[in-house]
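Visitor: this one's sequence-less:
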């Protein structure tokens, strides 16, 4: 091992140690607990013993959990899909040069400065049925006569409900700046010659987007989608703070379910099993991403 | 010469360390949550500590645990995390069970004689919160009694002279107070069940008022499948759907009765924290004279009011239990309990405190004193109680309330299912 390598290892070591201690170890400890009994109310008395997949059977036998799994996927697909679509559109706009660009960029980036927990609290007030300024505005404009129950209406269209859409909107609002910055970096690395060549070939703006921009953004998009889907599967704070999973469990997601099992019902074994499902789903996305990347590299 | 100087230095160092060690053993770590105004609370505790240190020579390091992190903090402590010597705690039964005989709250039976007049000095209901499985854990210092609160200006507007005295009057008065615009949007709800964010705590007083009890005294048998539960749930359901005087969304997260009450958008709250009196006086002086407190309305059986409590106890693993007991003895004096009560706005756990001028200088405080006569402890002798009463989907009582009150499912089936689930929780 030469000096350069030793230096590299020393530089990486702090991050590696922190990741091992705060990321990898808890992850394996949680997986370990998911195969054992671990009821906080009696673990001192009865201890913890191996039960195999029983905790997984138990959580999947709970219809709330199954509903939560479906909703987590739906939340993620909606939030990621809308965010990326809007991100692509807005990134194109702020990639152009025009007067007021700096102001527009600042406005678009503002939600990024608001931590998700604070954003949730602000939006709880903005979406409160009786106090919402949005409802007042809609009524004043004559668009509605009855207040919309943004976070409490339990009527559904399949698995979709107004509270679910409201939380998706807040997640998109808060997460969009990150996506735009990511995509903007990708857009700025696309050589202008490609667009000029496409123009010479007679391509219109949509054709340029489909045949030049998208293929060139593919590596960036792949990383972005992998990150967003993994983050989405484990998303917690907005659903937890804004609705706690209600009404009627319609906005519950797996991370909130796991938290409730552990910290409210003291069933750490079932919480660990629910977390295990999150880990497995995230792993599938991660493996898919790595496969897609290695396939591209081989080409 | 050099050798003797060196030896003297070492001796001085050893003596210094020994002295420091001895001094350290006279320092206790004390954690509390914060109450009412945080600055006032810290100042009040600092003054108490100063007096105690001057009297006993024992130093107290005070740290505040924010309420937002309190549950996780005590859960971590009960699982062997960093802990103080003594602290302001709650949910003795659950945290004792979680900590077992290794962590969490520590019984201090050997110091029980240090409080020879405990039974005479404290309310008996408050003492129930510091005794678990016949072990003595500390001194109760705060009560959380709930009473009715209503807008007197709204009552006058609709021609009502005083607060509702019975369940029937609640319906009648709430109907009069409810107001809608021409499109059916609510301008004022006549009634709200409770002020707490824990919606399960709303059910308890109505169930008790109907004559029910959640479990047997030994905490081993669930007793919720009865007519009292049917009466309480039917009353709550009908207020929403039949009489349309309660917000149907009030069980959802984010519902906050305080701004609605302050803005006159709620007429009556059936079960409001007594601390609201302090908050309304301090934070909303502009609505003084437009609200009043009243005793809980009479149900089919009685007029029980929700009552919670907090206590100061010692933590397992502390090497300063004796010093903590000295601190607790100091705090449990009438004048110091009054100082705590004034700083926190929480009702006292001693008749001597509640008989003071402080607890009679405002009309609402007199009512709070009367409500103590209706107090029914919300503590239940079962470690799983906090899990059963958690205000989240998946918890036994929340699901029962949501299914019957909001979703209007078959009541008998829902109660039977809840009874079965609760029994399973009690035998966990």
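Guide: Structure's in. What do you need? This one's a predicted model, so the numbers in the text were calculated from it and none came from an experiment.
Visitor: Can you tell me, leaving aside adjacent residues, what's nearest to the residue in chain B that chain A sits nearest to?
Guide: Closest contact between chain B and chain A, by Cβ to the nearest Cβ, is at residue B:100 (2.8 Å). Every residue, glycine included, has its C-beta placed from N, CA and C. Closest residue to residue B:100 apart from its sequence neighbours, by Cβ to Cβ, 6 or more residues apart in numbering or on different chains: residue A:44 at 2.8 Å.
Visitor: For the residue of chain B closest to chain A, give its distance to residue B:79.
Guide: From residue B:100 across to residue B:79, the span is 10 Å (Cβ to Cβ, to the nearest Å).
Visitor: what does residue B:318 give?
Guide: Separation of residue B:318 from residue B:79 (Cβ to Cβ): 16 Å.
Visitor: circling back to that earlier point, and the residue of chain B closest to chain A, how many neighbours?
Guide: Residues near residue B:100, counting by other Cβ atoms under 10 Å in any protein chain shown, number 16.
Visitor: can I assume it is in contact with residue A:41?
Guide: No. Between residue B:100 and residue A:41 there is no contact under Cβ atoms under 8 Å: 9.9 Å.
Visitor: Please read off the pLDDT at residue B:424 from the model.
Guide: Per-residue confidence at residue B:424 stands at 96 (pLDDT).
Visitor: Just read off the phi/psi values of it.
Guide: Backbone dihedrals for residue B:424, given as degrees, to the nearest 10, come out at phi -60, psi -40.
Visitor: Find the residue at the geometric middle of chain B.
Guide: Centrality entry for chain B: nearest residue to the mean C-alpha point is residue B:308, 3.7 Å, by Cα atoms, centre = their mean.
Visitor: which bits of chain A sit near chain B?
Guide: Proximity of chain A to chain B (Cβ under 8 Å from any Cβ of the partner chain) is limited to residues A:39-42, A:44-45, A:64, A:124, A:128-131, A:139, A:145-147, A:149, A:151-152, A:242-249, A:252, A:257, A:260-261, A:263-266.
Visitor: out of the residues you listed, which are buried?
Guide: Buried by 16 or more other Cβ atoms under 10 Å in any protein chain shown: A:39-42, A:44, A:64, A:124, A:128-131, A:139, A:147, A:149, A:151-152, A:242-249, A:252, A:257, A:260-261, A:263-266, out of the residues of chain A next to chain B.
Visitor: quick one: the strands in the stretch 301-428 of chain B?
Guide: Assigned by DSSP state E, counting those that start in this stretch, the stretch 301-428 of chain B shows strands spanning B:305-315, B:375-377.
Visitor: again with the stretch 151-300 of chain B
Guide: Counting by DSSP E, counting those that start in this stretch, the stretch 151-300 of chain B has strands at residues B:179-180, B:186-194, B:266-273, B:291-294.
Visitor: Deepest-packed of those, please.
Guide: With neighbours taken as mean count of other Cβ atoms under 10 Å in any protein chain shown, the strands of the stretch 151-300 of chain B reach their highest mean count in strand B:266-273, at a mean of 27.
Visitor: Identify the residues contacting residue B:335.
Guide: Listed by Cβ atoms under 8 Å, 6 or more residues apart in numbering or on different chains, the contact set of residue B:335 is empty.
Visitor: try residue B:35
Guide: Counting by Cβ under 8 Å, 6+ apart, residue B:35 touches B:41, B:142, B:275, B:343-346.
Visitor: check these against chain A, which are close?
Guide: Among the contacts of residue B:35, no residue lies close to chain A (Cβ under 8 Å from any Cβ).
Visitor: is it possible to export the residues you listed to TSV including pLDDT and distance to residue B:266?
Guide: Listed next are the contacts of residue B:35 as TSV, based on pLDDT from 0 to 100; distance: Cβ to Cβ, whole Å:
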residue	pLDDT	distance to residue B:266
B:41	93	28
B:142	93	26
B:275	86	17
B:343	91	29
B:344	90	25
B:345	87	21
B:346	90	23
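Visitor: Let's see which of the residues you listed end up in helices.
Guide: B:41, B:275, B:343-344 (DSSP state H).
Visitor: looking at these, which has the most residues close by?
Guide: With neighbours taken as other Cβ under 10 Å, the top of those is residue B:344, carrying 25 neighbours.
Visitor: Please identify the deepest-packed of the strands of the stretch 301-428 of chain B.
Guide: The highest mean neighbour count among the strands of the stretch 301-428 of chain B, using mean count of other Cβ under 10 Å, belongs to strand B:305-315: a mean of 25.
Visitor: Show the model's pLDDT score for the residue of chain A found nearest chain B.
Guide: At 2.8 Å from chain B, residue A:44 is the closest residue in chain A, using Cβ to the nearest Cβ. In the predicted model, residue A:44 carries a pLDDT score of 80.
Visitor: which residues does it contact?
Guide: By Cβ under 8 Å, 6+ apart, the residues touching residue A:44 are B:97-102.
Visitor: Which helix or which strand is home to it?
Guide: Following DSSP states H and E, one finds residue A:44 within helix A:43-46.
Visitor: likewise residue B:119?
Guide: Assigned by DSSP H and E, residue B:119 falls within helix B:118-121.
Visitor: Give me the contact list for that helix.
Guide: The contact list for helix B:118-121, computed with Cβ under 8 Å, 6+ apart, reads B:112, B:115, B:127, B:139, B:332, B:334, B:350, B:352.
Visitor: Whichever helix or strand comes after it: how far from the chain's middle?
Guide: For helix B:118-121, the following helix or strand on the C-terminal side (DSSP H and E) is helix B:124-127. Centroid separation for helix B:124-127 versus its chain: 13 Å, with Cα atoms, centre = their mean, to the nearest Å.
Visitor: Residues of chain B that sit close to chain A?
Guide: Checking chain B against chain A by Cβ under 8 Å from any Cβ, the hits are B:71-72, B:75, B:79, B:94, B:97-102, B:183-186, B:247, B:249, B:251-254, B:259-260, B:265, B:383-384, B:387, B:390, B:392-395, B:402, B:407, B:428.
Visitor: Mark which of those are part of helices, please.
Guide: Residues of the residues of chain B next to chain A located in helices (DSSP H): B:71-72, B:75, B:94, B:97-99, B:259-260, B:387.
Visitor: biggest separation within those residues, which pair?
Guide: Spanning the widest gap among these are B:99 and B:260, at 39.5 Å by Cβ to Cβ.
Visitor: The two: which has the busier surroundings?
Guide: residue B:99 (24 against 21).
Visitor: In this structure the more buried one contacts residue B:313, no?
Guide: No. Using Cβ under 8 Å, residue B:99 makes no contact with residue B:313, being 11.7 Å away.
Visitor: Need the residues touching each of these two.
Guide: Common neighbours of residue B:99 and residue B:313 (Cβ under 8 Å, 6+ apart) are residue B:105.
Visitor: Give me the subset of the buried ones among the residues of chain A next to chain B lying in helices.
Guide: Per DSSP H, those map to helices at A:44, A:64, A:124, A:139, A:242, A:257.
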